Structures are given as structure tokens and as C-alpha cells.
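**Q** next input, structure requested:
(one chain, ligands or ions: 1)
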Amino acid sequence: MSASLERFAQAKLADLDAAALRRRLAVTVRGPGAEAEREGRALVSFSCNDYLGLARDPRVVAAAREAAARYGAGAGGSRLVTGNHPLLPALEARLARHKGKEAALVFGSGYLANLGITPALVGPRDLVLVDALAHSCLWAGARMSAAAVLRFPHNDVAALEALLEQNRTGRERAMILTERVFSMDGDRGSVPEILALAERYDAWTLVDDAHGLGVVEPGERAPLEMGTLSKSLGSYGGYLCASRAVIDLLTSRARSFVYTTGLPPASAAAALEALTILEAEPERAARPLRLAQRFTARLGLPEAESAVVPILVGTAEDALALSAALEARGFLVVAIRPPTVPAGTARLRVAFSAAHGEAEVDALAEAIAALR
Ligand SMILES: *Cc1c(COP(=O)(O)O)cnc(C)c1O
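**A** Okay, here's the model as predicted:
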């Protein structure tokens, strides 16, 4: 009946196999600590974004359990209908305070936040400038806005200025999309320089803080600060922090907010508890970056700027082989291949967590040094 569909899928899969770009799911049981069990083998994971080790923290898990018992497993509706349970405004107030912003809006995920924010603020008569290495969902939001979308070379503020100079006039509104910490490279966006430029050209800057929150010093705040509850906060969901007016506008106009079910009570409660712990335990928050810097020093790599350190390999095949060799030595370091990263830059992405011990970090550095 759908023979052509089957043929299409099989041919595409064969192409992906030939290029070593097919992706497969592996059942993984995380924890305790930085442990991850796969196919019955206990590995030390350097591939989790749970930077502060909070996803399995007993206090966070208890908060999730209590919220589910009290408010139910699901929100039961979209936020604007009946899904706005009390934990959501409570979480928004805490996020806004943490970020030094007037207000916040919680979305179903970070991906959904970025799908909703840009199209709610700009349209066909407008301009969006996106860092070349920005996350897939920032690009998706930019394209959905139907504005003119231009890419600027990664972190190249001079090139960004040239693009603004050439393209800003004649466009009503303009946005610049960047990240505080880039997800696959671990380097930091040039946020202060971009904010200064944005001021001069009347452009609105959206900073994606998915990998920054709780891990790196935030520095200057952008007018639009989005992020996720799913990484350092160990839960699930996304958010935007901004002025009251911007948040009120998005509450009415962001389609990925309006037309989807509210975040489950357990996820909101877990994120709230994790935020409390993050603020109360600065030594925990300082740990992932310190471990990443210990690792880069051991391997003679440029000093880590975040909890993420890339080990550039090149081809997808070589990245998979290095990942497999590390797995045989007890380390889980997943290979990152195109199109997640540009062609020819397949890599291992090493992510550090407060749950790692110094000895585990040193052992990984030794294993990598021996294999390269
Ligand atoms: C993970 C990530 C997101 C998406 O967040 P989710 O909550 O996982 O959907 C958005 N932006 C960046 C930069 C990310 O790394």
C-alpha cells in the first residue's frame, strides 16, 4: 500500500549508514553519581547535561513526587485554559528573580521556547541575524518568523556589524540570536559586544542560556534571556525571562506556548527545588567549570570556558571509533556528528558535572591522551 514510503525510508537509511550518520537509540539508566548503565555495563558518563548532578538529587526527586501527588501527573490543559497550576507562576517568579528580570514565561521545553519567541516578535518585514553555530531551535524559530534570516560567522562581531550596516535600513524590527555558551563547542558568545552593537542598530538580542545557567557567571543580561529547565536544573521545560510587557505579549502570541499543554507539576516542582539548591550551594555550581579546566590543562587544550569541552576528531567514522574505544575503557562520551556540527568537525563532546570526581576526570584525560 505504501511501498513508495518504505522504499524512501530504506534508501535514506542506506545513505545515512554509508556516511556513518545513522543515529541509534541506546537504553541508558543514569546514576548514581555520574554513572550511566548501558547494556548491563556501568560507564562513567561524560555526556549528560545534568551539570549540577541535580536530576537524581533526593530533594529534587522528593519535590517532583510531592507535586505529582498533590496536583496530578499532568497539567490537564494549556496554560491559558486550565493548565496553569500554582507551581508555574511560582517557578516564573523565581526564574525572573534569579535572572534579574521583571518577568518570566515557562514553556514546555527549551526547543518550544525558541520556536515561539522569535515568530512572536518579528515577521516578514523584519530581519533576524543568527550566529552560524546557534542551536537548531534558534534557527527553526528564526525561519518560522518569515523574517529575512542572515547567518553571521560564529562570534564574529565585526561581520555582524557589517550585516547590520548593509541590511538594517528598510527593515522595521531586527533581532540577533546567540548563545551564552555554545552547546557543541563550549565557548562563550560575545554577549557584551553584541549588546552594544544591538543598541546602536536598534536590534533585540535573544541569548540562549541553556548551557550557561548555574555553570558560568552570567555577566550582562540581554533583553531576551531564554533557557531550559532540562540541563543544570535537572528537570524538563524551557523559559524566557524578559520585561513584563514582553512576557505579557508572548503569553498571548507565542504559538508554542498558547497551543500546547502546560508543563507537568512534577517538572515545575523539580526545577523550583533545583533553582533553590543552585542558589544555596555556590560550591556545587563552581564545580563543573573547575573540572573542565582541570581536564583541558591535563590535555594541553585551550582552557575550558564552560562545562563543555569538544575533542575535535574530523570524520564521523573516526569520532565513532574514538567513542567506542573510550566505552571499552568504561567511559561514555558520545560522538557528535553532522548535521549537529558542521561537516568535517565530528567530535567528542565532553560534558562535566558536579557529580564527577577528580579521579574520574583524570582517568578520562589519560585514556584520551593514550588513544589520540
Ligand atoms: C538543549 C538546548 C535547547 C533545547 O532545550 P530543551 O529544553 O532540551 O528542549 C535549546 N538551546 C540550546 C543551546 C540547547 O543546547
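
**Q** C-alpha from now on. contacts and neighbour counts both.
**A** Fine.

**Q** which residues of the stretch 201-350 of the chain lie near the ligand?
**A** 208, 210, 228, 230, 237-238 (C-alpha under 6 Å from any ligand atom).

**Q** export the lengthiest helix in the chain as CSV, just CAs?
**A** As assigned by DSSP state H, the longest helix anywhere in the chain is helix 282-299. The C-alpha trace of helix 282-299 is given here as CSV (Å, rounded to 0.1, in the frame of the first residue of the first chain):
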residue,chain,number,x,y,z
PRO,A,282,27.7,28.0,45.1
GLU,A,283,30.4,25.4,45.6
ARG,A,284,28.3,22.9,43.6
ALA,A,285,27.8,25.4,40.8
ALA,A,286,31.5,26.2,40.6
ARG,A,287,32.5,22.5,40.2
PRO,A,288,31.7,21.6,36.6
LEU,A,289,33.8,24.5,35.1
ARG,A,290,36.6,23.8,37.5
LEU,A,291,36.7,20.1,36.5
ALA,A,292,36.5,21.1,32.8
GLN,A,293,39.5,23.3,33.3
ARG,A,294,41.4,20.6,35.1
PHE,A,295,40.7,18.4,32.1
THR,A,296,41.8,20.9,29.4
ALA,A,297,45.0,21.6,31.4
ARG,A,298,45.8,17.9,31.5
LEU,A,299,45.4,17.5,27.8
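
**Q** may I see the buried residues of it?
**A** Neighbour counts over helix 282-299 (16 or more other C-alpha atoms under 10 Å) mark 284-296 as buried.

**Q** contact partners for the residue nearest the centre of the chain?
**A** Residue closest to the average C-alpha location in the chain (C-alpha atoms, centre = their mean): residue 210, at 3.7 Å. Contacts for residue 210 (C-alpha atoms under 8 Å, 6 or more residues apart in numbering) come out as 110, 179-181, 183, 226-228, 231.

**Q** hmm, stretch 33-47 touching the ligand?
**A** No - counting by C-alpha under 6 Å from any ligand atom, the ligand is not contacted by stretch 33-47; separation bottoms out at 12.6 Å.

**Q** how far does that stretch stretch from one end to the other?
**A** Separation of the first and last residues of stretch 33-47 by C-alpha to C-alpha, to the nearest Å is 13 Å.

**Q** what residues of that stretch count as buried?
**A** By neighbour count with 16+ other C-alpha under 10 Å, stretch 33-47 contains the buried residues 33-37, 42-47.

**Q** stretch 342-360 now?
**A** For stretch 342-360, by 16+ other C-alpha under 10 Å, it's 345-356, 360.

**Q** quick one: contacts of it?
**A** 33-34, 44, 46-53, 184-185, 284-285, 287-289, 291-292, 307-316, 319, 323, 333-338.

**Q** what packs against the longest helix of the chain?
**A** Identification of packing neighbours for helix 282-299 by 3 or more C-alpha pairs under 8 Å, 6 or more residues apart in numbering; DSSP states H and E yields strand 308-314, helix 358-371.

**Q** so what's residue 242 bridging to?
**A** Using DSSP bridges, the beta-bridge partners of residue 242 come out as residue 103.

**Q** now the buried residues of helix 282-299 as CSV including distance to residue 328?
**A** CSV is the format used below for the buried residues of helix 282-299 (distance: C-alpha to C-alpha, whole Å):
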residue, distance to residue 328
284, 30
285, 31
286, 30
287, 27
288, 24
289, 26
290, 27
291, 23
292, 22
293, 25
294, 23
295, 20
296, 22
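
**Q** ok, these vs residue 163, which is closest?
**A** Proximity of the buried residues of helix 282-299 to residue 163 (C-alpha to C-alpha) peaks at residue 289, which lies at 33.7 Å.

**Q** relative to the ligand, how far out is the closest one?
**A** Noted for residue 289: a distance of 17 Å to the ligand, by C-alpha to the nearest ligand atom, to the nearest Å.

**Q** hmm, that residue is touching residue 309, no?
**A** No - in this structure, residue 289 is not within contact of residue 309 by C-alpha atoms under 8 Å, at 9.9 Å.

**Q** among the buried residues of stretch 33-47, which lie within helices?
**A** Going by DSSP H, the helices hold none of these.

**Q** done for today, thanks.
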